[in-house]
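Q: Structure of the sequence below:
(2 chains)
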Amino acid sequence: MFNAKVKSDVLKGIIDVTSPLVNEAKFNVTSKGISLRAVDPAHVAMVDLEIKSKAFEEYKADEMELGIDLDKFSGIMRLANSGDMISLEYDEDANRLIIKIGNLVRKMGLIDTAGMPDSKAPNLTLPAKIIIKASELSQGVRASEAVSDHLTLSVDKDTFELFAEGDTDTVHLKLPKDMLVELTTQGKHKSLFSIDYFSNMIKSVKGDDPITISMGTDNPIKVDFDFADKKGHVSYLLAPRIESD
Amino acid sequence: MGVDIGELFHKEPCSYTDFSGKIIAIDAHNVLHQFLSSIRQRDGTPLKDANGNITSHLSGLLYRTANLVEARIRPVYVFDGVPHPLKARTLAERRERKEQAERAWKEALEKGDIEKARSKAQQTSRVTKEIIHQSKELLAALGIPFVQAQSEGEAQASYMVKKGEAYAVGSQDFDCLLFGTPLLIRNLTSSGKRKLPNKKAYVDVNPEIIKLEPDLKTLDITREQLIDMAILIGTDFNEGVKGLGPKKSYQLIKKTKDLEHAIPTMNQTILPTSSEIAEIRNLFLKPTNTDDYCLSWSKPDNNKVLRILCDEHQFSRERIEPILEKFIVLETIQKQKNLFEF
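A: This next block holds a predicted model:
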């Protein structure tokens, strides 16, 4: 059984953080909430998402899996306005999710989750941790998009830096420790990342909301943030690129 | 060509996205032959430039490789080296069949039987030295690596997968399984449609993957036993035993364990000799391979590609230029690490 009522913004939040990586996802439903782990087809990035039952206005569920076509779901959610209450109900006999938006009833066929693999997260030791306001980080990333397809993140005990270089243009964002919410590191670290992936990961976080970055040298980066009034949490992993010739 | 053991294996449908970011070692001879047979006009005439030179292989290499690259697959083409002396008989037979098919094609054309003409024409395809040379030249210009095998291309491609450098072999040929590739992808460079022989109907051709280990486990045999079965069925290197197909050979080897025990139970006159058996087993189990190659993808040299395709072979510039853009992504994919490397 799965029966819930939730504000459309929470569902849109879930779609925003998962759909850039995968077209289909397996949502694990329990009585405590919903979680998901998905890896993009190129195995470059992974998303781990958790949303507590408290994020829902009403929530009743047994343990189950829901296989959702995110493109389809996203299209349905575009029918709802911000603040609309959405009712969700699992129809076991037809394997469909019944979505009610006001007087609109939309029944969405679910995907068989049997063939969808459970990915294991790689075991990483990431020695640097930075907590930064979303607006600061996204400014640097948006600037970098215009000059290159990859950016360099580096950190030492005093500063966190973002650098991107194209054929003629460069972007450099230098944030001293006192401009950050937190900076702890053992030594200097530097890694390169694809801007496409990175910008998709942080685009749903806005304004002063904090983003936690864990990184090392030529290692994947971990990006953590809360959503749905801190009742949901997202953790991304992104594999690095290697230095160009 | 190759050994007829396909029906014993489980073929799992798959799609390009399953191989995104992965390196696939493509059996060059196999795909070139496929391009030469299938990329033809309705009456069977291959694509030709203004001087009458065949260009089907160039068209195939460009468009089909572009499809792979667009799915972020990194292809490496593996070319055949010197054929094993035991293959001489197969090669001579193929030559003869092609000459027959060529005569039949001409006859059909004279009679105006377009259907038959095309089908016969497809059997005349020859991967000549010239075609191989032009293909390598085009791949180099496209920034796609290729490897020159010492002997069989399938052997070298399988070796690269076993070494962990490539994810799977792309070939139609089941021989790759005898050479021990853990994964074989078929229909990787097919067009998506294939005409049914002697019918006016087409079937969808989708990529499929064969996994060696799980299938050997299901069949409850070893790769050595699979090779013994292949020798009974007939390979590119021996004729096989009359009346023995995949099913009977499987049952026989399953019952008797190996050829040494299987052969005394048969009453045919023509049987593989023990020196032949030793030689073929060795060829599949310990082929001569090379480590002399570099797996590196670079941006295409647009001017060079345009010179080869448009200036030398009259391809249309407007059609080639947008295809070339698809190749730019390769350099980026190469530099991107994958999460499970950590």
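Q: I'd say B:T65 and B:P75 touch.
A: Yes. With contact defined as C-beta atoms under 8 Å, B:T65 reaches B:P75; the gap is 6.0 Å. The C-beta positions use only the backbone N, C-alpha and C, and glycine is treated the same way.
Q: got any residues that touch both of those two?
A: B:I144 (C-beta atoms under 8 Å, 6 or more residues apart in numbering or on different chains).
Q: which of those two has more neighbours?
A: It is B:P75, of B:T65 and B:P75, that has more neighbours when counted by other C-beta atoms under 10 Å in any protein chain shown, with 28 against 24.
Q: low-confidence ranges in chain A?
A: Within chain A, the segments meeting pLDDT under 70 span A:244-245.
Q: Tell me which residue in it sits closest to chain B.
A: Closest approach of chain A to chain B (C-beta to the nearest C-beta) occurs at A:A42, with a separation of 3.8 Å.
Q: what sits against A:R96?
A: A:90, A:107-110 are the contacts of A:R96 under C-beta under 8 Å, 6+ apart.
Q: From those, list the buried ones, please.
A: Buried members of the contacts of A:R96, counted by 16 or more other C-beta atoms under 10 Å in any protein chain shown: A:90, A:108, A:110.
Q: Am I right that the last one is in contact with A:I98?
A: No. Contact between A:L110 and A:I98 fails when scored by C-beta under 8 Å: they sit 10.9 Å apart.
Q: who's in contact with stretch B:280-295?
A: Contacts for stretch B:280-295 (C-beta under 8 Å, 6+ apart): B:23, B:76, B:84, B:86, B:145, B:147-152, B:155-156, B:159, B:165, B:178-180, B:223-224, B:227-228, B:230-231, B:235, B:237-238, B:272.
Q: which ones among these are found in helices?
A: B:155-156, B:159, B:178, B:223-224, B:227-228, B:230-231 (DSSP state H).
Q: Among the contacts of stretch B:280-295, name the buried ones.
A: B:23, B:76, B:84, B:145, B:147-149, B:151-152, B:155-156, B:159, B:178-180, B:223, B:227-228, B:230-231, B:235, B:237-238, B:272.
Q: Tell me which residues touch the closest residue to chain A within chain B, please.
A: Chain B approaches chain A most closely through B:G21 (3.8 Å), counting by C-beta to the nearest C-beta. By C-beta under 8 Å, 6+ apart, the contact set of B:G21 is A:41-44, B:72-74, B:333, B:336, B:338.
Q: Checking my notes, it in a strand, right?
A: No. The assignment for B:G21 by DSSP: H, G, I helix; E, B strand; the rest coil gives coil, which leaves it out of any strand.
Q: For it, report the pLDDT, please.
A: If you check B:G21, the pLDDT there is 78.
Q: what residues are up against A:D112?
A: A:67, A:95.
Q: What sits closest to residue 143 if chain neighbours are left out?
A: Here I'm looking at chain A. The shortest distance from A:A143 to any non-neighbouring residue, by C-beta to C-beta, 6 or more residues apart in numbering or on different chains, is to A:V171 (4.5 Å).
Q: think we crossed wires, I meant chain B
A: B:S298 (4.0 Å).
Q: Let me see the confidence value for the one you found.
A: So, for B:S298, pLDDT stands at 85.
Q: Also the one 5 residues further on?
A: What the model reports for B:N303 is a pLDDT of 94.
Q: cool, and the one 4 residues further on?
A: B:R307 carries a pLDDT value of 94.
Q: what number of residues lie near B:V161?
A: Around B:V161 there are 23 residues (other C-beta under 10 Å).
Q: Let me see the contact set for it.
A: B:25, B:167-169, B:181-183.
Q: Closest one of the residues you listed to B:E115?
A: B:V169 (33.8 Å; C-beta to C-beta).
Q: Now tell me what touches stretch B:28-42 from outside.
A: By C-beta under 8 Å, 6+ apart, stretch B:28-42 touches B:46-47, B:54, B:56-57, B:59-61, B:64, B:77-80, B:114, B:118, B:121-123, B:125-127, B:131-132, B:135, B:146, B:153-154, B:170-173, B:189-191, B:194.
Q: go again using 7 Å as the cut-off
A: B:46-47, B:56-57, B:59-61, B:77-80, B:114, B:118, B:121-122, B:125, B:127, B:131, B:135, B:146, B:153, B:171-173, B:189, B:191 (C-beta atoms under 7 Å, 6 or more residues apart in numbering or on different chains).
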